[in-house]
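Trainee: Let's see this in three dimensions:
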Amino acid sequence: MNNRLRVLRAELGWSQADLATKLEVSRQSVNAIETGKYDPSLPLAFKIAKLFGKTIEEIFQETDGKQ
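Mentor: The predicted model follows:
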């Protein structure tokens with residue numbers, strides 16, 4: 001799954017640690033989501049979308065499964 005989390009975070013001048021605090025997760029979790037190593041749970045995806053004032057689909061895009 002691709003996402004725009006790094007770009008959205010940078011636009012607001014937030015560090016990974018800042019975002020992690022706001023989402024109540026670890027900085028490592030934010031890093032893993034941003035790098036595509038971890039897909040957030042649905043509740044966390046909703047929390048991320050609400051924090052940025054976007055829909056989940058505006059932040060996360062499904063990949064075609066081909067690598």
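Trainee: all strands of this structure, in order?
Mentor: With strands called from DSSP state E, the chain shows them at 2-3, 60-61.
Trainee: Could you list the paired strands of the last one along with their orientation?
Mentor: According to DSSP bridges, strand 60-61 has the following sheet partners: strand 2-3 (antiparallel).
Trainee: which residues are in contact with the strand it pairs with?
Mentor: Residues outside strand 2-3 that contact it (C-beta atoms under 8 Å, 6 or more residues apart in numbering): 33-34, 36, 59-63. In this view, the C-beta of every residue, glycine as well, is placed from N, C-alpha and C.
Trainee: ok, 7 Å please
Mentor: 33, 36, 59-61, 63 (C-beta atoms under 7 Å, 6 or more residues apart in numbering).
Trainee: Using JSON lines, lay out the strands of the chain together with mean pLDDT and mean neighbour count.
Mentor: Shown next, in JSON lines, are the strands of the chain (pLDDT from 0 to 100; neighbours: other C-beta atoms under 10 Å):
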{"stretch": "strand 2-3", "mean pLDDT": "95", "mean neighbour count": "14"}
{"stretch": "strand 60-61", "mean pLDDT": "94", "mean neighbour count": "15"}
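Trainee: Residue 63 against residue 39, yeah?
Mentor: No. Applying C-beta atoms under 7 Å as the test, residue 63 and residue 39 come out as separate, 10.4 Å apart.
Trainee: Quickly list what's touching both of these two.
Mentor: With C-beta under 7 Å, 6+ apart, residue 63 and residue 39 have common neighbours residue 1.
Trainee: Look at the two and report which has more neighbours.
Mentor: A count of neighbours by other C-beta atoms under 10 Å puts residue 39 above the other of residue 63 and residue 39, at 14 against 9.
Trainee: isn't the more buried one right up against residue 1?
Mentor: Yes. If you go by C-beta under 7 Å, residue 39 and residue 1 touch, sitting 5.1 Å apart.
Trainee: I'm done for today, thanks for sticking with me.
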